Structures are given as structure tokens and as C-alpha cells.
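Asks: pasting a predicted model and its sequence here:
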Amino acid sequence: MSENTPNTPPPQRQSSVTLRERSGAPDADFASRMDPANQSLADALRITYRLVQLSMVALLGLFLLSGFKTVSEGERGVRLLFGRQQAADLAPGAQWAWPSPIGELVKVQTGAVTEQVNRAFFPYVQVGDENRPIDRLNQTDRLNPARDGSVVTADLNLAHMQWSVTYQRSDLSRYVENVRPGEGGSEELRLVRLVVERAIVRATAQTSIDDLLKQTRTDLGSVESVAMRLAQEMLDEFETGLRIDQLTMSKKFPPVTLADEFAKVANQTQQAGQAREVADRQRAEVLNSVAGAASGVLIEQIALFEEATEINDTASQADILARIDALVEGREIEIDGTLYQAGLATGEVAEMLDEAASRRAATVNRAQGDLATFQAKLAQFQANPRLMMSRDWASAYDAFLAKPFVQTYHLPPGSPAEFLINEDPDYIAEREKDQKMREALDAARKRIEDQRRERFRTDEGIQTGEEL
């Protein structure tokens, strides 16, 4: 225990320095000694303050100059102030904006951007093998939904496809406000891919697998046109400022597991299409050769005539038959407000009518000639019957002997004879000559008929009267 009691203060340590005033020193001497030091300190502070001011002005100038940036060709600038757009679509060249963090000058590429959507709906392949030919894909027995990409069609079939999308940043104000991609534009590309993939799924769900495989881009309501419209609508709804210029389906094919079956169906469909084309050409040829440009309206009128016949409408039958007669005879006629020019019917119909007219004229002329001959012979018979009969007999006998198959032999009267002879060689030669001439005439008529039919042969359809 300490010897000190609680009431006893502790011992004090002796001081090492003692301050005291110098007695007898006047205040004037102390002030005179302090003035040079204060003046030096004031001058140093004044110079330092000036340097600080100059440095602040220089830093402010450098800060303002850092706001100048160059907008390159193919770019446009957007000026921001405290995050709010002050000016958009700034032209290429030197542009100024408040430096960060007050403002910013955002530069946006305005050229077209192309992105490939070649894996989302494609069977699994290694990275870099997306362009592998279809026949070299791994044709397994089944698809793995977790790995293989595909899309469902309207008839619940699966299909594979690859796409490419080309777009531009058309509305810079909306683009900078709502998209403004980070470094490299990965978020922007991801947004475009997701929108396009969703549009493709919706468009394909409205189309069957058969229509998908055989349609082209120019077809009305094609998957490509519908998908492009849907994708643009979604981008506009999100106010992205992006405009799709082209959405193209580069590949399309059925599931690889059913490729052979679809190929067989496609081959048979192609053969059926070719057969239809041949049938259409033959139909056009037949119609052209029969009635020419009037064949279409004639078929319609004949169908109407058959309907009127079925319901026993005699008045309509007479009107329709009159129209048919006018058409086949080549007369001008107006049917249901349409004027059909004269001479519209050509081909076999016109030739048959011409031939019928010629035969009718020949028959009438022949009948008139026979009537005149009969009346002349009747007058001769009434005048001298025996003389008229003798003349007619002689004329008929001479006509019989003039036949090419009749051979005449002269024998002395009253002398019996027996003939064992062959046919006259001259007669045989003459008969063969006539036969060959008839065959040549038949061949010539057939050749003329073929040429006539060839005039109506066409791959374009029914020919008009002007074309013929």
C-alpha cells in the first residue's frame, strides 16, 4: 500500500522551461520586428491566391473545351443536359455539349445493321456450323426441345428456319431515350432478336407447313411479310426508334426426321403441278382450235342454255340460243353490258360454218340443176318418148364404159370365144397411179389440217381474234 493518504496531494514534477517577459523592452521594438514577417506572409498568400484563381480559370476552360466532340460521317449526335435531350439529329462535324456530369453528347450510328437469327429455330449445330447444308444435318430419330430449335405451324407441324434482319435507327430521340445501348450494342441486338423471334413464332402459327414450304416472299400474306409487320409493330409499341428495312427467311425446311417423306410429297406435288400445266395447255389449244377467242363466252352461254333446259324455260332458251348463233356466226352482239366484236369466233367453228354454207350453196345449185335437167327431159319425153329413152340409154352406156375399172373387148359377131387372160397391165398401172394420187391428196389434206390446228396452239391461253 502507498504511504500517501487520500488527503495528501501527489508530488509535482519540476518544470523544464519558464516563460517570462523581458522587462524593460518597449512595444515599438516588438512590432517593428514582426512587420517584415507579416508582410512576407501576406505577399505569399496573395501570390498563391492568384495562382489558384488562374488554375481554376484554366480548369474551367479545359472543362468547357472537353465538351467539344466530333460526329463522324454515318453518325448523328444527340445533346443531353442533366439527362434531358436538348437537341437531336446533330449533323456530322464538331459539336459541343456540356461535359459530364452536367451533360453529354451521344453519338449514334445511322447505317443499316444486319443481325442473323440462325439458331433459335434451327437444329442444334456447333457454333460456326450454322451455314451447314440441310442434307448434312444430324438426322436423329427425334428432336430434343431443350437443344434443337423449331417453330410450330398452324396445322401443328414443326418446321426449321433461319432468318436475317436488317434495321436502322430512324428516330434518334426515341432511340436514345428508350434503348441507348451499352458498349458494343449487345443489349440492342438482344432486343431486336427477341422481338423478331416473337414475330416469327406468331406469323408461322398462322400458316400451314405446306403453305410455308411453297410460298415466296412476294406472296400476299407470306410469313416473311407478316413477321416483318408484327416485329415493327412491337418496336413501335416500345418506342425504340428502330425501323426494320428487311426481314428475310434464308432457309426453311420440315423437321429433319421427316425430310424424306416431305421430299416425296413435294416431288409428287411438283409432278401434279406439271400435269395440270399440260392439261391447261391442252385445254387452251382445244378451245382455240374449236372457237378461238369466243370459246369462253360460248361455254358460259352453253351452260346457261343447259340450265334453262333443265327448268324448261323456253323463253330463256330462245334468247340464249340466239346469242350463241350470233357468236358462232361472227356477228357483233352485246351480252350483259359487254360488247363482243364481229368475227370473234374462229377455228373449227368458223370453218364448219363456212363449209356448211358452201355445201348448202352447192346442194341448192345441184338441186336447181337437177330440176332444170328433169324439166328439159320431161319436155323431150312428152315430145318424143322413144328418142329420149334411146339418148339416155346411150349416154348411160357410154358413161359406164368410161369407168376406169371397165375393160372393153371387141369380138366378131356370132363367133363363140373363150378368154383366159390377165388384167391389162396398162389398166393396173393406171389404177395404182390413181390410188397413189388419192393417198397423196389425203396426206395433203391431213397436212393442211395439222397446220390449221397449229395456228391455234398456244401456251398463253385463249387467243383473241386479233392475235389470230
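Replies: In hand now; what should we look at? Numbering: from 1, shown residues only.
Asks: ranges for the helices of the stretch 201-350 of the chain?
Replies: 209-214, 223-237, 259-290, 295-310, 314-328, 348-383 (DSSP state H, counting those that start in this stretch).
Asks: with mean pLDDT added, can I get these in CSV?
Replies: Output for the helices of the stretch 201-350 of the chain, formatted as CSV (pLDDT from 0 to 100):
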stretch, mean pLDDT
helix 209-214, 87
helix 223-237, 94
helix 259-290, 84
helix 295-310, 89
helix 314-328, 88
helix 348-383, 88
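Asks: nearest to residue 170, out of the ones you listed?
Replies: Closest of the helices of the stretch 201-350 of the chain to residue 170 is helix 223-237, at 10.0 Å (criterion: Cβ to Cβ). (Glycine included, C-beta is placed from N, CA and C.)
Asks: for the closest one, which positions count as buried?
Replies: Within helix 223-237, the residues scored as buried using 16 or more other Cβ atoms under 10 Å are 223-228, 230-232, 234-235.
Asks: what residues sit buried inside stretch 381-397?
Replies: By neighbour count with 16+ other Cβ under 10 Å, stretch 381-397 contains the buried residues residue 388.
Asks: show me the longest helix that occurs in this protein.
Replies: helix 27-65 (DSSP state H).
Asks: need the next SSE after that helix, C-terminal direction.
Replies: Of the helices and strands lying after helix 27-65 in sequence (DSSP states H and E), the nearest is strand 68-71.
Asks: packing partners for that next one?
Replies: strand 93-96, strand 103-109 (3 or more Cβ pairs under 8 Å, 6 or more residues apart in numbering; DSSP states H and E).
Asks: deepest of the ones you listed, which one?
Replies: Mean neighbours per residue, mean count of other Cβ atoms under 10 Å, is largest over the helices and strands packed on strand 68-71 for strand 103-109, with a mean of 18.
Asks: now the next helix or strand after that strand: buried residues?
Replies: Counting by DSSP H and E, the next helix or strand C-terminal to strand 103-109 is strand 113-117. Within strand 113-117, the residues that count as buried by 16+ other Cβ under 10 Å are 113, 115, 117.
Asks: which helix or strand contains the nearest residue to the first one once chain neighbours are set aside?
Replies: Read that as residue 113. Among residues not flanking residue 113 along the chain, residue 167 sits closest, at 5.8 Å (Cβ to Cβ, 6 or more residues apart in numbering). Assigned by DSSP H and E, residue 167 falls within strand 158-169.
Asks: just checking: what are the partner strands of that strand?
Replies: The partner list of strand 158-169 in its sheet, established with DSSP bridges, is strand 113-117 (antiparallel), strand 151-152 (antiparallel), strand 242-253 (antiparallel).
Asks: among the helices of the stretch 201-350 of the chain, which is nearest residue 200?
Replies: helix 223-237 (4.9 Å).
Asks: using PDB, write down the CA coordinates of that closest one.
Replies: Extracted C-alpha coordinates of helix 223-237, given in PDB (Å, rounded to 0.1, in the frame of the first residue of the first chain):
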ATOM      1  CA  VAL A 223     -44.800 -15.500 -93.400                       C
ATOM      2  CA  GLU A 224     -42.000 -13.000 -94.100                       C
ATOM      3  CA  SER A 225     -44.300 -10.100 -94.700                       C
ATOM      4  CA  VAL A 226     -46.500 -10.900 -91.700                       C
ATOM      5  CA  ALA A 227     -43.500 -11.400 -89.400                       C
ATOM      6  CA  MET A 228     -41.900  -8.100 -90.500                       C
ATOM      7  CA  ARG A 229     -45.200  -6.200 -89.800                       C
ATOM      8  CA  LEU A 230     -45.600  -7.800 -86.400                       C
ATOM      9  CA  ALA A 231     -42.000  -7.100 -85.400                       C
ATOM     10  CA  GLN A 232     -42.200  -3.400 -86.500                       C
ATOM     11  CA  GLU A 233     -45.500  -3.000 -84.500                       C
ATOM     12  CA  MET A 234     -43.800  -4.300 -81.400                       C
ATOM     13  CA  LEU A 235     -40.700  -2.000 -81.900                       C
ATOM     14  CA  ASP A 236     -43.100   0.900 -82.400                       C
ATOM     15  CA  GLU A 237     -45.100   0.000 -79.300                       C
END
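Asks: which other helices and strands does it contact?
Replies: For helix 223-237, the packing partners by 3+ Cβ pairs under 8 Å, 6+ apart are helix 186-204, strand 242-253.
Asks: among those, which comes closest to residue 132?
Replies: strand 242-253 (10.4 Å).
Asks: now do the buried residues in the closest one.
Replies: Within strand 242-253, judged by 16+ other Cβ under 10 Å, the buried ones are 242, 244, 247, 249, 252-253.
Asks: now that strand and helix 223-237, what's the angle there?
Replies: 150 degrees (axes from the mean of the first three to the mean of the last three Cα atoms, to 10 degrees).
Asks: state the mean pLDDT of strand 242-253.
Replies: With pLDDT averaged residue by residue, strand 242-253 scores 92.
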